[in-house]
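Participant: only geometry, no sequence info:
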């Protein structure tokens, strides 16, 4: 009945207060702050009051809701969304080769990350920093943050630095003009660079004035600007030393100049910055930092249910995680292939990618064992993914030698920090204290053989 879906925290508050728990207990059990729980709860009771046309609060909401009859329309919605109703329905699979769509049933939340991100972009002048290696779900999360911003009637623009021409990164003035022009276009504004760009005051100041006096002045309401894969700038130290301090200035301007509070920045990157920056000029120590972790055992189990895998015990999940950890992409790819092999007529559509050459006459358990056995080889389901990583290493001898060292020394490796960050951005290693390790057994076995 509500105008938009409940957030995870709102749902948690409804479930827990229904059982009579206090806000303090809810906060302790869910790792949210008590004031945050109270604020969200207050907003929830207001929404329910408006929808139900009677006063609703923490004390009376169960008493008010429990006796209400469900309408015929609501009964139909419940039937349509019932898991039992969907068991025999043809369910097209999404091949995990990009961000998961907003309505994807395969998106697994990693609380409290989504709730923290949604909360942060509502803060005036905020900066949200999302860090994770490749294929960890940054793009899927970003889609949901921008969709939430759109629900709030914010304007959103998303720029991916991987789409920028190589020549832009060697000319700071051209780079800032490219940035400004793209933001103008994304907001539906006519590009007015020539009216604000002045070589006498420099490109950084010109860009800042353009944003303050033109873009922010000529838009209504908050603007969420997402800058994606900014780690590409790390490869150009001179550009990084000019661009990142400018972002820091914009953040600080919001503390002094009200119009800058309309701008909310989201910065996504694959690894820690390895370009030396003055601590007071870096945007990587401001705002809210979010790191996307691997899936937990429970989250992998939840994803298996989404694929309707009939795993009676827990041994299959344990075996899969022993091979690929909780790496979202690797887990998702395994589930996709297991389901598409075992029940192709039920799940596959014309848009699905055909399964690999597995023996479909094997039992599900035998197919799973075959998948694990072939995983770290050039005939397994990960062969294309592994070859791409291998090619990247072959094209960079220094990086290849560094990763060889990580594999050979089995956790005691210490290598150049820049090379370590690059390997981290590829998702090949994890930092275990001061030591480095391959991020999963799959990579250890495959590259031990190949290198």
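Facilitator: Arrived safely. Owing to the predicted nature of the structure, the values given are computational and were not obtained by experimental measurement.
Participant: Residue 404 against residue 448, yeah?
Facilitator: No. Here residue 404 does not reach residue 448: they are 9.2 Å apart, not a contact under C-beta atoms under 8 Å. Every residue, glycine included, has its C-beta placed from N, CA and C.
Participant: Quick check: most distant residue from the centroid of this protein.
Facilitator: Computed with C-alpha atoms, centre = their mean, the maximum C-alpha offset from the centroid of the chain is found at residue 200, amounting to 40.7 Å.
Participant: For that one, give its distance to residue 173.
Facilitator: 13 Å (C-beta to C-beta, to the nearest Å).
Participant: three-state assignment of the residue farthest from the centre of the chain?
Facilitator: coil (DSSP: H, G, I helix; E, B strand; the rest coil).
Participant: which ones are touching residue 119?
Facilitator: Contact analysis of residue 119 by C-beta atoms under 8 Å, 6 or more residues apart in numbering lists residue 36.
Participant: pLDDT score assigned to it?
Facilitator: Note for residue 119: predicted pLDDT of 92.
Participant: Helix or strand for it, just tell me which one.
Facilitator: Element membership for residue 119, per DSSP states H and E: helix 113-120.
Participant: roughly how far out does stretch 250-265 sit from the chain middle?
Facilitator: Offset of stretch 250-265 from its chain centre (C-alpha atoms, centre = their mean, to the nearest Å): 25 Å.
Participant: now what about it, what contacts it?
Facilitator: 120-121, 123-128, 149, 154, 208, 211-212, 216-217, 219, 221-227, 247, 283, 286-287.
Participant: Over to stretch 3-19?
Facilitator: So stretch 3-19 is contacted by 25-26, 29-30, 32, 36-37, 40-41, 44, 47, 58, 61-62, 109, 111-112, 114-115, 118, 151 (C-beta under 8 Å, 6+ apart).
Participant: repeat that for 6 Å
Facilitator: 26, 30, 40, 41, 44, 58, 62, 111, 115, 151 (C-beta atoms under 6 Å, 6 or more residues apart in numbering).
Participant: Likewise for stretch 95-112?
Facilitator: Outside stretch 95-112, the residues touching it (C-beta under 6 Å, 6+ apart) are 8, 139-140, 143, 147, 299, 302-303, 306, 329, 332-333, 353.
Participant: packing partners for the longest helix seen in the chain?
Facilitator: For the chain, the longest helix by residue count, based on DSSP state H, is helix 34-52. For helix 34-52, the elements it packs on are helix 8-18, helix 23-30, judged by 3 or more C-beta pairs under 6 Å, 6 or more residues apart in numbering; DSSP states H and E.
Participant: winner for burial among these?
Facilitator: helix 8-18 (a mean of 18; mean count of other C-beta atoms under 10 Å).
Participant: in stretch 362-382, what counts as buried?
Facilitator: 364, 367, 368, 371, 372, 374, 375, 376, 380, 381, 382 (16 or more other C-beta atoms under 10 Å).
Participant: Now that stretch: average pLDDT?
Facilitator: Rounded mean pLDDT across stretch 362-382 is 91.
Participant: Mean pLDDT per element in this protein, and the minimum belongs to which helix or strand?
Facilitator: helix 344-347 (a mean of 46; mean pLDDT, DSSP states H and E).
Participant: Now do the helices in the stretch 351-451 of the chain.
Facilitator: 364-374, 383-394, 397-409, 417-425, 441-450 (DSSP state H, counting those that start in this stretch).
Participant: will you turn those helices into CSV that also has distance to residue 251?
Facilitator: CSV is the format used below for the helices of the stretch 351-451 of the chain (distance: least, C-beta to C-beta, whole Å):
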stretch, distance to residue 251
helix 364-374, 47
helix 383-394, 33
helix 397-409, 33
helix 417-425, 23
helix 441-450, 37
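Participant: Determine which stretch of the ones you listed is the most buried.
Facilitator: helix 417-425 (a mean of 20).
Participant: Okay, angle between that one and helix 383-394 too, please.
Facilitator: 170 degrees (axes from the mean of the first three to the mean of the last three C-alpha atoms, to 10 degrees).
Participant: Quick one: distance of stretch 136-153 to the chain centre.
Facilitator: On C-alpha atoms, centre = their mean, the centre of stretch 136-153 falls 8 Å from that of its chain.
Participant: same thing with stretch 306-325?
Facilitator: Worked out by C-alpha atoms, centre = their mean, stretch 306-325 lies 23 Å from the chain centre.
Participant: So which residues make contact with it?
Facilitator: 105-106, 294, 300-301, 304, 330, 334-335, 339, 372, 375, 440-442.
Participant: mind running it again at 7 Å?
Facilitator: Applying C-beta atoms under 7 Å, 6 or more residues apart in numbering, the external contacts of stretch 306-325 come out as 105-106, 294, 297, 300-301, 304, 330-331, 334-335, 338-339, 368, 372, 375, 439-442.
Participant: and these, which are buried?
Facilitator: Among the contacts of stretch 306-325, those scoring as buried are 106, 294, 300-301, 304, 330-331, 334-335, 338-339, 368, 372, 375, 439-440, 442 (criterion: 16+ other C-beta under 10 Å).
Participant: Which ones among the contacts of stretch 250-265 lie within strands?
Facilitator: 127, 128, 223, 224, 225, 226, 227 (DSSP state E).
Participant: wait, which of the residues you listed is closest to residue 164?
Facilitator: residue 227 (10.8 Å; C-beta to C-beta).
Participant: ok, residue 184 - contacts?
Facilitator: Here residue 184 is in contact with 191, 215 (C-beta under 7 Å, 6+ apart).
Participant: Give the next helix or strand downstream of the strand or helix carrying it.
Facilitator: Per DSSP H and E, residue 184 falls inside helix 172-186. Next helix or strand after helix 172-186 toward the C-terminus (DSSP H and E): helix 193-196.
Participant: got the buried residues for that following helix?
Facilitator: residue 196.
Participant: ok, now stretch 298-311?
Facilitator: 299, 300, 301, 303, 304, 306, 307, 309, 311.
Participant: returning to that earlier point: and the helix holding residue 184, which residues are buried?
Facilitator: Buried residues in helix 172-186 (16+ other C-beta under 10 Å): 172, 173, 175, 176, 177, 179, 180, 182, 183, 184, 186.
Participant: Throw these into CSV and include distance to residue 161 and pLDDT, thanks.
Facilitator: As requested, the buried residues of helix 172-186 are exported to CSV (distance: C-beta to C-beta, whole Å; pLDDT from 0 to 100):
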residue, distance to residue 161, pLDDT
172, 14, 97
173, 17, 97
175, 10, 97
176, 13, 98
177, 15, 97
179, 10, 98
180, 15, 98
182, 11, 97
183, 13, 98
184, 18, 97
186, 15, 95
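Participant: okay, those residues in a markdown table with distance to residue 163 next?
Facilitator: Converted to a markdown table, those look like this (distance: C-beta to C-beta, whole Å):
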| residue | distance to residue 163 |
| --- | --- |
| 172 | 18 |
| 173 | 19 |
| 175 | 13 |
| 176 | 16 |
| 177 | 16 |
| 179 | 12 |
| 180 | 16 |
| 182 | 9 |
| 183 | 14 |
| 184 | 17 |
| 186 | 13 |
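Participant: Return the member of those residues nearest to residue 390.
Facilitator: residue 175 (32.0 Å).
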